[in-house]
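Engineer: Quick one: sequence and predicted model below, then my questions.
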Amino acid sequence: MSIAQRWSRKKPHFPLLAVLLLVFIVCSILYNEFSIQQIHESPDPVSSSSQKASITYVKPNLPKGASEVLDRFSSCNSTSSYSGKKIRWVDPGAKSSRRRRRSVKQGSCDIFSGKWVFDNRSYPLYKESDCPYMSDQLACHKHGRSDLRYRYWRWQPHGCNLKRWNATEMWEKLRGKRLMFVGDSLNRGQWISMVCLLQSVIPANKKSMTPNAQLTIFRAEEYNATVEFLWAPLLVESNSDDPVNHRLAERIIRPDSVLKHSSQWEHADILVFNSYLWWRQGPVKLLWSSKENGACEKLDGLRAMELAMGAWADWVETKVIPQKKRVFFVTMSPTHFWSQEWEPGSEGNCYNQMTPINLEGYWGSGSDLPSMRMVDKVLSHLGSKVSVINITQLSEYRKDGHPSIYRKFWETLSPQQLANPASYSDCIHWCLPGVPDVWNELIFHSL
């Protein structure tokens, strides 16, 4: 038999062997991948069970919580190290899932990505002196700032335009509704901005403002609408909930309860939350609702904020129906305390800064990435229940927008401070008219 004949006889068996070999290889690969996946999804049972055993999960916002409400006179009778308790607002045993967020984009356009354009024809959207509700903390021109270019910058997204501000149209969106800002002094500045943007089209005898209190309300009678601000700088109940007397040496929170504040915000139709600044001011004392004897625990700001965000997220998860209530969360407002970050070799801060930073993607140390990542993780579980207003990057460019020394200071300034203006500059808050007006334009665009 010739070699050719032998080959022709054996040839039909080769494809069959090859197919069998290929099937064997594929099955082996799939089995190995499945095994690896099982290892990742199901950790070592010994370590997993011991980890679960070491963590105590607390269900937040229980109606029968602490019997005593925290106020500025509250104190800790004792303080121990953090016990490791966690807020159980999602099932800790469930797989992590990220829901689809409610979009605030215009088609495929990211309205938070863009640049600042000088526009002295369309801006400012109101005059500082024309707003009777302006705060002395934010009225920079009134307190001596002569360079007014900070008023004339317009936010221009790449590839699209923000909806042009229209106060009457905004009031129509708010007709019969309550818009409430909840948070700290930065959110209060955004609330004042919104009031100044809206109040000019309401006749003097058809509008009113309640006296400054924890809940302050601007009312427009003909629209049966209110624009409100609730002082809740830490979102959860705390001893700093007095809107005036909140400068305390010891900060105490109930990490497992927002009920004190939610009783006031729960009936609002549109809610705008923020919370960052106060968590960056050192350790926090935790007083759990189950502790009746003033036994506190001490924890760093970031992890304490994570607990508070969990209690807040539990309320959103259980109470918010997106078709009936709109919830916004405003990201971190950056600070500008170190000019060497945008001008290497300099030693100043926001004092005497007159123009925005024009380096696209600039990011300073005034925005805390670990805090932002933690908040983003929490918000990702809430999906369409919360819309994120991402102000951080666009505000990073605005080193010129802070009051610096041009505001009313409640404390007496020392001769040393007066001799060195940069030493007492406010590089946290924002002049009005100014940057917070754009934050509100983003909300208007998103409604």
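Structural biologist: Nice, thanks for sending it over.
Engineer: measure Thr86 to Ser54 for me?
Structural biologist: For the record, residue 86 is Lys, not Thr. 11 Å (Cβ to Cβ, to the nearest Å). (Each C-beta comes from the backbone N, C-alpha and C, glycine too.)
Engineer: quick one, which of these two is more surrounded?
Structural biologist: Lys86 (16 against 8; other Cβ atoms under 10 Å).
Engineer: ok, what's across the strand from the more buried one?
Structural biologist: Tyr57 (DSSP bridges).
Engineer: In contact with it: list those residues for me.
Structural biologist: When contacts are counted by Cβ atoms under 8 Å, 6 or more residues apart in numbering, Lys86 touches Ile55, Thr56, Tyr57, Val58, Pro92, Leu307, Gly310.
Engineer: most neighbours, which of these?
Structural biologist: Neighbour counts for these peak at Leu307, which has 24 neighbours (criterion: other Cβ under 10 Å).
Engineer: so how far is Ile217 from that residue?
Structural biologist: From Leu307 to Ile217 the distance is 30 Å (Cβ to Cβ).
Engineer: same check, this time on Thr335
Structural biologist: Distance from Thr335 to Ile217, by Cβ to Cβ: 30 Å.
Engineer: Looking at these two, which is more packed in?
Structural biologist: Taking other Cβ under 10 Å, Thr335 and Ile217 do not tie; Thr335 has more neighbours (23 against 16).
Engineer: how many other residues sit next to the spatially closest residue to that one that is not a sequence neighbour?
Structural biologist: Leaving out its chain neighbours, the residue that sits closest to Thr335 by Cβ to Cβ, 6 or more residues apart in numbering is Gly366, at 3.5 Å. Residues contacting Gly366 under the criterion other Cβ under 10 Å number 21.
Engineer: What of the one 5 residues further on?
Structural biologist: Close neighbours of Ser371, defined as other Cβ under 10 Å, add up to 20.
Engineer: Equivalent analysis for the one 10 residues further on, please.
Structural biologist: Here the neighbour count serves as a burial measure; for His381 (other Cβ under 10 Å) it reads 18.
Engineer: any chance you could map the strands in the stretch 51-200 of the chain?
Structural biologist: 57-58, 78-81, 86-87, 114-118, 153-157, 178-183 (DSSP state E, counting those that start in this stretch).
Engineer: and these, which is most packed in?
Structural biologist: Of those, the one with the most neighbours on average (mean count of other Cβ atoms under 10 Å) is strand 178-183, at a mean of 25.
Engineer: How much space separates the closest residue in space to Asp147 that isn't next to it in sequence from Ser108?
Structural biologist: Nearest residue to Asp147 in three dimensions, chain neighbours excluded: Met354, at 5.2 Å (Cβ to Cβ, 6+ apart). Shown here: Met354 relative to Ser108, a distance of 35 Å by Cβ to Cβ.
Engineer: Over to the residue nearest to Thr335. Which of the three states is it?
Structural biologist: coil (DSSP: H, G, I helix; E, B strand; the rest coil).
Engineer: Also Ala311?
Structural biologist: Under three-state DSSP, Ala311 comes out as helix.
Engineer: so how many other residues sit close to it?
Structural biologist: By other Cβ under 10 Å, the residues close to Ala311 number 25.
Engineer: Hmm, it is touching Arg88, no?
Structural biologist: No - the pair Ala311 / Arg88 is not scored as a contact, 10.2 Å apart, by Cβ atoms under 8 Å.
Engineer: Identify the contacts common to those two.
Structural biologist: By Cβ under 8 Å, 6+ apart, the residues touching both Ala311 and Arg88 are Pro60.
Engineer: Run through the chain and note the low-pLDDT ranges.
Structural biologist: Applying pLDDT under 70 to the chain flags residues 1-53, 91-107.
Engineer: Find the residue closest to Ile202 in space, skipping its chain neighbours.
Structural biologist: Using Cβ to Cβ, 6+ apart, the nearest residue to Ile202 is Ala220, at 4.8 Å.
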